[in-house]
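> Model the following, please.
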Amino acid sequence: MFRLAFLAALLASPGVSVAQDAAAQHGGMHHMPGMSHPGLADSADASGGALTEGGQSAFAALQEVVSYLMADPATDWSRVDIEALRQHLIDMDNVTLRARVRVQEVEGGARFEATADDGAVTGSIRAMVPAHAATMDGVEGWTMRAEEIPGGAALTVTGADPDRIRALGFTGVMTVGMHHQTHHLALATGQNPHAH
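The predicted structure is shown next:
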């Protein structure tokens, strides 16, 4: 029912500067299929190891899943759906970077109202927030409740540590838990992690 519902710590992208540095070393050339990079392996070894970033966080997340699937001989390629994962990463980007969030302190925590004027961003909010609440309710001892509101969704989070909830804010709360990678793999392999 919902596309995958969580923000991951994918939005920090130190690989962008690595990619820009690599492009500068190649005289601003763009990568083409089959292009070799003479000397790049040598410079990676000299700097203490191989490069690991894919150059952009969503691309790197996709690359990580594709590499995992290609290395697993048990992968059922008839079920793989990389496009579903790409759409989820778009939702993550929309919610993290484009949603407006209004915060209201409530007893024991906070109510976060995430909204947007852009219909695509509203759709992303409504895909992620309810699914996150359903999956993470009880984690950290927190109670999470989501509801649809005009232009988006509200997430109310309460617990014994309201100062921590308020300090994390909407985006911080959405990142809690190392569940994202597992859900990304589930989505990419044709599963719906939030089907009831």
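> For burial, what's the neighbour tally of Ala71?
Using other CB atoms under 10 Å, Ala71 has 8 neighbouring residues. The C-beta positions use only the backbone N, C-alpha and C, and glycine is treated the same way.
> what residues are up against Asp137?
Thr143, Met144, Arg145 (CB atoms under 8 Å, 6 or more residues apart in numbering).
> Rebuild these as CSV, extending it with pLDDT, neighbour count and distance to Ala61.
Listed next are the contacts of Asp137 as CSV, based on pLDDT from 0 to 100; neighbours: other CB atoms under 10 Å; distance: CB to CB, whole Å:
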residue, pLDDT, neighbour count, distance to Ala61
Thr143, 98, 13, 30
Met144, 98, 24, 24
Arg145, 98, 14, 28
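> just for this protein, where's the confidence low?
The model of the chain has pLDDT under 70 over residues 1-48, 53, 178-180, 183, 192-196.
> could you pull out the helices for it?
Counting by DSSP state H, the chain has helices at residues 15-25, 40-46, 57-71, 82-98, 119-136, 162-175, 180-188.
> correct me, but Thr75 touches Val65?
No. Thr75 is beyond contact range of Val65, at 10.7 Å (criterion: CB atoms under 8 Å).
> contacting residues around the nearest residue to Arg98 once chain neighbours are set aside?
Ranked by CB to CB, 6 or more residues apart in numbering and with sequence neighbours excluded, the top spatial neighbour of Arg98 is Val121, at 4.6 Å. Applying CB under 8 Å, 6+ apart, we find Val121 in contact with Asn94, Val95, Arg98, Ala99, Gly152.
> can you check Thr143 too?
Per CB under 8 Å, 6+ apart, neighbours of Thr143: Asp137, Thr156, Val157, Thr158, Gly159.
> which of those residues tops the neighbour count?
Ranking the contacts of Thr143 using other CB under 10 Å puts Val157 first, with 27 neighbours.
> and that one, what are its bridge partners?
Beta bridges link Val157 to Ala110, Met144 when assigned by DSSP bridges.
> Kind regards, and thank you for your time.
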